[in-house]
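> Could you look at this predicted model? Sequence included:
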Amino acid sequence: MRRKLTAALLTAAMAISLTACGGSGDTASAGASTGETASVTEAGATTTASGKEVLRVAMSADYAPFDWLQEDDSNGAVMTSNGSYMNGYDVLVAKYIAEKLDMDLEITQIDWDGLILSIQSGKVDCAIAGMSITSERSQSVDFSDPYYNANIVAVVAADGPYADVVNVTDFEGATLTSTLNTVWYDVLDQITDYATKDAALDTFASMVAAVHAGKIDGFTCDMPSAKSILVSNPDLKIIDFEGGTGFEVSNEETDLGIPCQKGNTELVDKINEVLAGLSKEDRDAMMDQAVASQPVSN
């Protein structure tokens, strides 16, 4: 869903998600091993000492609750090939796919700008990193079916004048904003006839502070980010538009897919088969688990 959010913004998302839940079971922990040294067989397939083929997945680790870095393996975090621990919704999905495909999992942390290049070069097989399925990206990689739909919501004060909004037109007279270079900010062009699109802010933390200070009435973001924010800000409320009453956006802006190397239809088909077995309820439950597992940021 993100276009190219800044690292500072994404780090701030973690900083205001203050929870350290440790008791939740791992939705997809069985069968996907990590930490083994991979080797290349004569046939060219990457395998581990277990004899299984390896699913090599890239993640950027800067988009909580989709992916983040942490100091240990708590809450089912996986050690990456870089030597750090990573967790989040993307990790849960990767573990689930690897388990269903009877493959070992190897996660490599790669900066957002290098994800597609790492797939094209063959360094990894795919990326699971909250990447929107856009027509531009589809020229360079082949995407799986959507593994998550990051619908756009609004966050407002729970006791404020817009707490009962059900339609975007109910924001008449409101002042809203979001973060620059995101679809979340762009959609606010749709309300300028009856509300104010305020100057973009840098971080989630600054947007939350602006609501608390009464400088704005609310801000837009995706549902996972909003859930993370409410963990430590229960005085806020998510406006989840239903029945076509929200912002008009294309599937390119909300559907997140798993990019694979161009022409690797075999892997794409296998991933799609696994994703077909994950219901919306399953995906929402995994996202809720990811939100609850986010560590307190330093």
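Alright, I've got the coordinates. Residues are numbered from 1 along each chain as shown.

> rest of the way, CA atoms for contacts and neighbours
Fine.

> Name the residues of the helix or strand hosting residue 292 that are buried.
Taking DSSP states H and E as the criterion, residue 292 maps to helix 280-293. Across helix 280-293, burial judged by 16 or more other C-alpha atoms under 10 Å covers 283-284, 286-293.

> Also stretch 249-265?
251, 253-261.

> Tell me which residue lies nearest the centroid of this structure.
Closest residue to the average C-alpha location of the chain: residue 66 at 3.4 Å, with C-alpha atoms, centre = their mean.

> Now the phi/psi pair for that one, please.
Dihedral pair for residue 66: phi -70, psi -50, per degrees, to the nearest 10.

> can you pull the contacts of it?
88-91, 129-130, 287, 290 (C-alpha atoms under 8 Å, 6 or more residues apart in numbering).

> I'd like to know how far it sits from residue 147.
12 Å (C-alpha to C-alpha, to the nearest Å).

> between the two, what contacts are shared?
Common neighbours of residue 66 and residue 147 (C-alpha under 8 Å, 6+ apart) do not exist.

> buried sites along the one helix or strand residue 272 maps to?
Following DSSP H and E, one finds residue 272 within helix 265-276. For helix 265-276, the neighbour count (16+ other C-alpha under 10 Å) marks 267-268, 271-273, 275 as buried.

> by contact count, what packs against it?
Counting contacts by 3 or more C-alpha pairs under 8 Å, 6 or more residues apart in numbering; DSSP states H and E, helix 265-276 is packed against helix 89-100, strand 141-143.

> what's the helix or strand following the shortest one in contact with?
Tracing the chain C-terminally past strand 141-143 and defining elements by DSSP H and E, one meets strand 148-149 next. Under the contact criterion C-alpha under 8 Å, 6+ apart, strand 148-149 has outside partners 254-257, 283.

> what separates residue 100 from residue 145, distance-wise?
16 Å.

> same thing with residue 101?
Counting by C-alpha to C-alpha, the gap from residue 101 to residue 145 is 16 Å.

> three-state assignment of residue 186?
Put simply, residue 186 is helix when judged by DSSP: H, G, I helix; E, B strand; the rest coil.

> Please report the distance of residue 293 from residue 287.
Per C-alpha to C-alpha, residue 293 is found 10 Å from residue 287.

> I'd assumed residue 260 was in contact with residue 267.
Yes. Counting by C-alpha atoms under 8 Å, residue 267 touches residue 260, with 7.5 Å between them.

> ok so, going back, name the helices or strands packed onto the helix holding residue 292?
Counting by 3+ C-alpha pairs under 8 Å, 6+ apart, helix 280-293 packs on helix 89-100, helix 223-232.

> And these: which comes nearest residue 155?
helix 223-232 (6.9 Å; C-alpha to C-alpha).

> pull the CA atoms of that closest one into PDB?
Extracted C-alpha coordinates of helix 223-232, given in PDB (Å, rounded to 0.1, in the frame of the first residue of the first chain):
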ATOM      1  CA  MET A 223      -5.900   0.000   8.700                       C
ATOM      2  CA  PRO A 224      -2.800  -1.900  10.100                       C
ATOM      3  CA  SER A 225      -1.000   1.400  10.900                       C
ATOM      4  CA  ALA A 226      -4.200   2.700  12.500                       C
ATOM      5  CA  LYS A 227      -4.500  -0.400  14.700                       C
ATOM      6  CA  SER A 228      -0.900   0.000  15.800                       C
ATOM      7  CA  ILE A 229      -1.500   3.700  16.700                       C
ATOM      8  CA  LEU A 230      -4.500   2.900  18.800                       C
ATOM      9  CA  VAL A 231      -2.600   0.400  20.900                       C
ATOM     10  CA  SER A 232      -1.000   3.300  22.700                       C
END
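
> mind listing what's buried in it?
Those would be 223-231, for helix 223-232 by 16+ other C-alpha under 10 Å.

> Dump these into TSV; add pLDDT as well.
Putting the buried residues of helix 223-232 into TSV (pLDDT from 0 to 100) gives the following:
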residue	pLDDT
223	93
224	93
225	92
226	95
227	92
228	90
229	92
230	92
231	88
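
> among these, which two are most distant?
Largest separation among those by C-alpha to C-alpha: 223 and 231, giving 12.7 Å.
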